[in-house]
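S.K.: A structural model of the following input is requested.
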Amino acid sequence: MRILVVGGAGYIGAHVVKALLEADISVRVFDDLSTGQKINLFEQAEFIENTILNEKALEEALTDVDGVIHLAAKKAVGESMTNPEKYALNNITGTLNLLNAMTKKNVKNIVFSSSAAVYGTPLYPKVDEAHPVNPINFYGFTKLEIERFLEWYDRLKGIKFIALRYFNAVGYDATGAIQGLEKNPQNLLPVIMETIVGIRKKMFIYGTDYATPDGTCIRDYIHVSDLASAHVLALNYLLKEHKSQILNLGTETGHSVLEMVERTEQLIKPFPHENAPRRAGDPAQLTAVSHKAHELLGWTPTHSHLDNIILSTWTLYQKHFLKS
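M.R.: Next up is the predicted model:
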């Protein structure tokens, strides 16, 4: 079996490739290296450097492939609100190119990296897949539109999909096999780490007046190795059951921004941070119900306790910035 991993040199993509290789699955990586990195590539995986805006290149990459894992998306919420053109072109047009290439090459299985951002502002604290979808940022809108395209391509072209609605991906592989740090990170924990090592003078806590216990946003943080294992299980489910599914991936436990800051200071050291106004597009709380992934895939997160998330990230930042 050979799987095409689109975006396989990126942060999540590299962890997914590692999990596939450990499951003895042949991997072909397709990545334009705009955010992915060569340091994240594995010798055992074939690599094609190209963009999902090139449909012909996608068709060639899909030769003799049994399925696709699609992780090639722009994903910074704030940027999506100021530069929607970039997100429409890459996320939506790029995915349509991929689906059209899959149609031409008769590839019928795709695991899609979706997002909890499709839900928007939660109507109840624990968000399940039945929760209404109403994204409040353009990034989430692109993910939801892609899910809708997937449903139509399933109905019209027989392409079966699993859309994995990630909550907040964090942490790094415990073995140290993946060495590439995210380029220009926008997510909370990498920003904290960049502040600790001196890349940033301070970090900002955007919004302290939310309707949460400490006033800061609450998120469901899931270790990237747990996300990676879910992709392998989702792929196996598709190949065996031939049924499309939409599944949440989260720990079902939320941590606030302030809690993440304070625990990091306890585990590592204090660092400068400052309160700032809310950002557009940030809901107060977003935590998962992941029962369907447990039931259908047999998936359980095992790496996602808070201390492991923080320390596995710190280990890699130390290697990059605090070399003796």
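
S.K.: only C-alpha atoms from now on, for both contacts and neighbour counts.
M.R.: Fine.

S.K.: in this protein, which helix is the longest?
M.R.: helix 138-157 (DSSP state H).

S.K.: in it, what counts as buried?
M.R.: Under the neighbour-count criterion of 16 or more other Cα atoms under 10 Å, helix 138-157 has 138-144, 146-147, 149-151, 153-154, 157 buried.

S.K.: likewise for stretch 72-85?
M.R.: So, applying 16+ other Cα under 10 Å, buried residues of stretch 72-85: 72-81.

S.K.: stretch 284-301 now?
M.R.: 284-293, 297, 299-301.

S.K.: now stretch 34-54
M.R.: Quick answer for stretch 34-54 (16+ other Cα under 10 Å): 35-37, 40-42, 45, 47-48, 50-53.

S.K.: do the same with stretch 265-273
M.R.: F271.

S.K.: which ones among the buried residues of stretch 284-301 lie within helices?
M.R.: Using DSSP H, the buried residues of stretch 284-301 in helices are 291-293, 297.

S.K.: counting by contacts, list what the longest helix of the chain packs against.
M.R.: helix 77-82, helix 84-87, helix 94-105, strand 109-115, strand 160-166 (3 or more Cα pairs under 8 Å, 6 or more residues apart in numbering; DSSP states H and E).

S.K.: put together TSV for the ones you listed, with distance to V232 and mean pLDDT on each row.
M.R.: Converted to TSV, those look like this (distance: least, Cα to Cα, whole Å; pLDDT from 0 to 100):
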stretch	distance to V232	mean pLDDT
helix 77-82	27	90
helix 84-87	27	97
helix 94-105	20	98
strand 109-115	9	97
strand 160-166	11	97
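
S.K.: mind putting these in TSV, distance to L316 included?
M.R.: Below are these laid out as TSV (distance: least, Cα to Cα, whole Å):
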stretch	distance to L316
helix 77-82	25
helix 84-87	29
helix 94-105	31
strand 109-115	24
strand 160-166	23
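
S.K.: farthest pair in the buried residues of stretch 284-301?
M.R.: A284 and L297 (29.5 Å; Cα to Cα).

S.K.: stretch 92-99: how far from the chain's middle?
M.R.: With Cα atoms, centre = their mean, to the nearest Å as the basis, stretch 92-99 stands 18 Å off its chain's centre.

S.K.: convert that stretch to CSV, retaining C-alpha atoms only.
M.R.: The C-alpha trace of stretch 92-99 is given here as CSV (Å, rounded to 0.1, in the frame of the first residue of the first chain):
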residue,chain,number,x,y,z
ILE,A,92,-9.9,25.8,-1.3
THR,A,93,-8.5,25.9,-4.9
GLY,A,94,-5.6,23.7,-3.9
THR,A,95,-8.0,21.1,-2.4
LEU,A,96,-10.2,21.2,-5.5
ASN,A,97,-7.1,20.6,-7.6
LEU,A,98,-6.3,17.6,-5.5
LEU,A,99,-9.9,16.1,-5.7
